[in-house]
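Engineer: Provided below for reference: sequence and predicted model.
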Amino acid sequence: MRILLLTQYFWPESFRINDLVRAWHEQGHKVSVLTGLPNYPAGQFFPGYSWRGPYRQEFSGADVRRVPIISRGPHRGPRLALNYLSFIVAAMVLGPFVVRGRYDLVFVYAPSPVTQCIPALWLKFLRRVPVILWLQDLWPDTLVAVGAVRSKSVVRVFHHLSRWIYRHCDLVLVQSASFVDGVRRVCPEVRSVRVLFNWADDYYRPEVVEPDAPERRELPTGFTILFAGNLGSAQSLETVIEAAALLRGEPVSWVFIGDGNQRGPLEEARRSRGLDDVIRFLGWRPPDDGFDHSGKDGAISNATTVQATTFARRSSSNIARS
């Protein structure tokens, strides 16, 4: 099968879709990728990438074509909106020329924003090819949940846009059963919605690590709570800072592995609350680097691991009241 993957986020950024491309290639499918320049989550282009490229690469047998985009920048706001918009425009204008040929389907991997599916629907119109959307964030609900949009008028605009996108996809894949009702609520006329659960990689399995492993020197001793993933607005990690402040004096340490637009504010909150001795920020690590999301090779075998999920914002107020 000839598959065109369209996504704003791709290798060397760490996303689940990278694994799927490897699997497709191993199964004998011919894969092309249309994506942007990597800049997630820090908001700056990865080393070796700029507006000068590279715009053509190879990844696990897949032909990767990139289009120029505006980087996310360090904070949420107009710059992030420009980042989203720049990919849509560049992929629509340049995509038909850089991914020539015939494809059996266009597969869209869509963490936020779901609007990155628009160039795929443009290609569907031009090439008469079906589009499958693998939805990771439920739009427009996500915009409201993370506080990105408060205007009811703007929410309605994104509601109609999301409905239009869902309606024109031949298949919408969602990562949980609860998303099925969410998609149908936004778009009752959606053609087909199915669940495709996200999976765990082999490197999540705990293994024994030698006592003198270098990773151990970066971790505190004793009971440690680790968060590994995106340090962004959606994660509401200020809740963790509140929890650390409430547990001041208790034998508990906190470790953050990752990067994102909230790393600076979180580090400032740590300093202002005098929590430097109990909270550590270790920066971004590749997921298979021995400091992956579950503590590969047992490097955090003495730690309690908090996976990269969303802390409900109401938890923050609950902690404050307790």
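Structural biologist: Great, that's in hand.
Engineer: CA only for contacts and neighbour counts going forward, please
Structural biologist: OK.
Engineer: residue ranges of the strands in the stretch 151-300 of the chain, please?
Structural biologist: For the stretch 151-300 of the chain, strands defined by DSSP state E, counting those that start in this stretch occupy the ranges 171-174, 193-195, 223-228, 252-257, 279-281.
Engineer: Report all helices and strands that the second one contacts.
Structural biologist: Spelled out, that is strand 193-195. In this structure, strand 193-195 packs against strand 171-174, helix 177-186, with contacts taken as 3 or more CA pairs under 8 Å, 6 or more residues apart in numbering; DSSP states H and E.
Engineer: That one: partners in the sheet, and parallel or antiparallel?
Structural biologist: Strands adjacent to strand 193-195 in the sheet, as given by DSSP bridges, are strand 171-174 (parallel).
Engineer: what's the strand it pairs with in contact with?
Structural biologist: 131-136, 166, 180, 191-197 (CA atoms under 8 Å, 6 or more residues apart in numbering).
Engineer: Swap in 6 Å and give it another go.
Structural biologist: Identification of contacts with strand 171-174 by CA atoms under 6 Å, 6 or more residues apart in numbering yields 132-135, 192-196.
Engineer: What of stretch 175-187?
Structural biologist: 163, 195-197.
Engineer: Need the max-distance pair from these.
Structural biologist: Arg163 and Phe197 (22.3 Å; CA to CA).
Engineer: okay, these two: which has more neighbours?
Structural biologist: Looking at Arg163 and Phe197 with other CA atoms under 10 Å, you find the greater number of neighbours at Arg163, namely 21 against 12.
Engineer: Setting aside sequence neighbours, what's the nearest residue to the more buried one?
Structural biologist: Distances taken as CA to CA, 6 or more residues apart in numbering place Cys187 nearest to Arg163, at 4.9 Å, with adjacent residues excluded.
Engineer: and that neighbour, what are its phi and psi?
Structural biologist: As for Cys187, its main-chain torsions (degrees, to the nearest 10) stand at phi -140, psi 90.
Engineer: mind checking how far it is from Lys152?
Structural biologist: Plainly put, Cys187 is 18 Å away from Lys152 if you go by CA to CA, to the nearest Å.
Engineer: how far away is Leu6 from Ala42?
Structural biologist: In this view, Leu6 and Ala42 are 22 Å apart by CA to CA.
Engineer: out of the contacts of stretch 175-187, who's nearest Arg216?
Structural biologist: Compare each of the contacts of stretch 175-187 with Arg216 using CA to CA and the shortest gap goes to Phe197, at 32.6 Å.
Engineer: residue contacts, the closest one?
Structural biologist: With contact taken as CA under 6 Å, 6+ apart, Phe197 is in contact with Gln175.
Engineer: Just the pLDDT at it, thanks.
Structural biologist: Residue-level confidence at Phe197 comes out at 88, pLDDT.
Engineer: Quick check on it: phi, psi?
Structural biologist: Here is the backbone geometry of Phe197 (degrees, to the nearest 10): phi -70, psi 140.
Engineer: Would you check the distance separating stretch 160-173 from the middle of the chain?
Structural biologist: Its chain's C-alpha centre lies 20 Å from the corresponding centre of stretch 160-173 when counted by CA atoms, centre = their mean, to the nearest Å.
Engineer: Buried residues, that stretch. List them.
Structural biologist: For stretch 160-173, the neighbour count (16 or more other CA atoms under 10 Å) marks 161-173 as buried.
Engineer: Restricting the selection to alpha carbons, write it to CSV.
Structural biologist: What follows is stretch 160-173 as a C-alpha-only set of coordinates in CSV (Å, rounded to 0.1, in the frame of the first residue of the first chain):
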residue,chain,number,x,y,z
HIS,A,160,-17.9,24.4,13.1
LEU,A,161,-14.4,23.9,11.8
SER,A,162,-13.8,20.7,13.7
ARG,A,163,-17.2,19.4,12.5
TRP,A,164,-16.3,20.2,8.9
ILE,A,165,-13.0,18.3,9.3
TYR,A,166,-14.6,15.2,10.9
ARG,A,167,-17.4,15.1,8.3
HIS,A,168,-15.0,15.1,5.4
CYS,A,169,-12.7,12.4,6.7
ASP,A,170,-13.4,8.8,5.5
LEU,A,171,-12.4,7.4,8.9
VAL,A,172,-11.7,9.0,12.3
LEU,A,173,-9.5,7.0,14.7
